[in-house]
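A.B. asks: Compute the structure for the input listed below.
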Amino acid sequence: MLFTDEQIQNKIDLKTKPIGALGQLESLAKQIALVQQTDKISINKASMLIFAGDHGIAKYGISIAPSEVTTQMVQNFLHGGAAINCLSRTLGWHLNIIDCGILTKLSHPDLINQRLGNCTHDISTSPAMTLEQVETGIKYSENLINKLHSDGCNTIGLGEMGIGNTSSAAAICAAILQKPASELVGTGTGINDKQLILKSNLIQKALDRINSQDVIEILQNLGGFEIVQLVGAILAAAKNKMLIVIDGFIVTSAALVALKINPNVKQFLVFAHCSQEQAHKKVLEYLNVTALLDLNLRLGEGSGAALALPLLQSSVSFYNDMASLSDLGIEI
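C.D. replies: Okay, the predicted model is just below:
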């Protein structure tokens, strides 16, 4: 038996509270209940996935750090010293680090190897990758998500690491929204005005190089190895009817691509926060979604998605355990 939208809403409305008094927690509980289609909803084995990849366009110095920092941060993740490690330990996420294609190949028992290369090509002058690399990346993620699902996970959080990946994300969103680079390019984690102008010009060159609304072609030309695998993870998790917690701008760009491939994915997506990147709010508005949090975050690495877990758990708790008016013999 499928629970209808009306039945789930009625269950929420009849809790011992004024209608709508729990705000976005109510809509979140409803979303989870519609996805899971069970009397008792749950968050099981919540898994945070951080996809890392390097970008050819970073050679122009349009980020606050050189590409080598991607590898250094992946090492930091693996040694437990990054913000996402702290948040995951505190909040209860199981953390997975995926090498999608960083400059230096690392060897660590906790690192998941899904490398598509060392670095994408410079998108301002050539396609980021081959079509075969796109297809392989999506398949890698499908296999990873299927394994997590078979192990009992029903909720994933998605994050990323990659010097230069706000450039790739901005290019993807500009191509899909058919906007000039200047409207979607931002300061990333904190570049100066000169870097911002160069970044905008390079991304506009990338956009001028292609003329297509085919999202796979856009992904091949403008994407990053980590963005491709984020798209694959979203598609696979939706197929498995898992909740998918979307982090900031880069992950949202991947969600935008996934939604163009399969609009039905939307029901499984929870947008954790609205970052300081100027394009993020525009893309969220385009998708007609409201983020749970607005904390002026601009770190990436899944930090905003991680912070959403207590809200998911709180929604589950009130939906399952809060008394109804009829339990108390109250009639209104």
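
A.B. asks: quick one: the strands in the protein?
C.D. replies: Taking DSSP state E, the strands of the chain run over residues 47-53, 94-101, 111-113, 155-161, 243-246, 269-271.

A.B. asks: For the third one, enumerate the helices and strands it packs against.
C.D. replies: Spelled out, that is strand 111-113. strand 94-101 (3 or more CB pairs under 8 Å, 6 or more residues apart in numbering; DSSP states H and E). Every residue, glycine included, has its C-beta placed from N, CA and C.

A.B. asks: for the strand it packs on, which positions count as buried?
C.D. replies: 95-101 (16 or more other CB atoms under 10 Å).

A.B. asks: Using JSON lines, please lay out those residues together with distance to T70 and pLDDT.
C.D. replies: Formatted as JSON lines, the buried residues of strand 94-101 follow (distance: CB to CB, whole Å; pLDDT from 0 to 100):
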{"residue": "L95", "distance to T70": "17", "pLDDT": "98"}
{"residue": "N96", "distance to T70": "17", "pLDDT": "98"}
{"residue": "I97", "distance to T70": "12", "pLDDT": "98"}
{"residue": "I98", "distance to T70": "13", "pLDDT": "98"}
{"residue": "D99", "distance to T70": "10", "pLDDT": "98"}
{"residue": "C100", "distance to T70": "10", "pLDDT": "98"}
{"residue": "G101", "distance to T70": "10", "pLDDT": "98"}
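
A.B. asks: I'd like to know which of the residues you listed is nearest to I57.
C.D. replies: Compare each of these with I57 using CB to CB and the shortest gap goes to G101, at 14.1 Å.

A.B. asks: and that closest one, how far is that from N85?
C.D. replies: The spacing between G101 and N85, counted by CB to CB, to the nearest Å, is 22 Å.

A.B. asks: again, but for G300
C.D. replies: According to CB to CB, G300 and N85 sit 14 Å apart.

A.B. asks: what about these two, which has more around it?
C.D. replies: Between G300 and N85, counted using other CB atoms under 10 Å, the more crowded position is G300 (26 against 21).

A.B. asks: Hmm, the more buried one is touching D247, no?
C.D. replies: Yes. Here G300 reaches D247: they are 6.9 Å apart, a contact under CB atoms under 8 Å.

A.B. asks: Overlap in contacts, those two.
C.D. replies: 159-160 (CB atoms under 8 Å, 6 or more residues apart in numbering).

A.B. asks: Please identify which of the buried residues of strand 94-101 is nearest to N154.
C.D. replies: Nearest to N154 among the buried residues of strand 94-101, with distances taken as CB to CB, is N96, at 15.2 Å.

A.B. asks: I'd like the distance between the closest residue to that closest one other than its chain neighbours and E183.
C.D. replies: Nearest residue to N96 in three dimensions, chain neighbours excluded: L49, at 4.8 Å (CB to CB, 6 or more residues apart in numbering). L49 sits 30 Å away from E183, taking CB to CB as the criterion.

A.B. asks: D208: how many residues sit nearby?
C.D. replies: 11.

A.B. asks: meant to ask about A65
C.D. replies: Residues near A65, counting by other CB under 10 Å: 15.

A.B. asks: Need the nearest residue in space to it, chain neighbours excluded.
C.D. replies: I163 (5.7 Å).

A.B. asks: In this structure the one you found contacts I57, no?
C.D. replies: No. Look at I163 against I57 with CB under 8 Å: they stay out of range, at 9.8 Å.

A.B. asks: Report the distance from stretch 295-309 to the chain centre.
C.D. replies: 10 Å (CA atoms, centre = their mean, to the nearest Å).

A.B. asks: Then stretch 65-75?
C.D. replies: When distances are taken as CA atoms, centre = their mean, stretch 65-75 is centred 20 Å away from the chain's centroid.

A.B. asks: got the contact list for it?
C.D. replies: Stretch 65-75 has contacts (CB under 8 Å, 6+ apart) with 52-55, 58-59, 82, 97, 99, 102-104, 106, 111, 119, 161-164, 301.

A.B. asks: follow-up on the earlier one: take the buried residues of strand 94-101 and write them to CSV, including distance to L259.
C.D. replies: Output for the buried residues of strand 94-101, formatted as CSV (distance: CB to CB, whole Å):
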residue, distance to L259
L95, 26
N96, 23
I97, 26
I98, 22
D99, 26
C100, 21
G101, 24
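
A.B. asks: Quick one: the strands of the chain as CSV, columns for distance to S314 too.
C.D. replies: Formatted as CSV, those follow (distance: least, CB to CB, whole Å):
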stretch, distance to S314
strand 47-53, 18
strand 94-101, 20
strand 111-113, 30
strand 155-161, 14
strand 243-246, 14
strand 269-271, 13
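
A.B. asks: Which of those strands sits closest to S168?
C.D. replies: Short answer: strand 47-53, nearest of the strands of the chain by CB to CB, at 9.0 Å.
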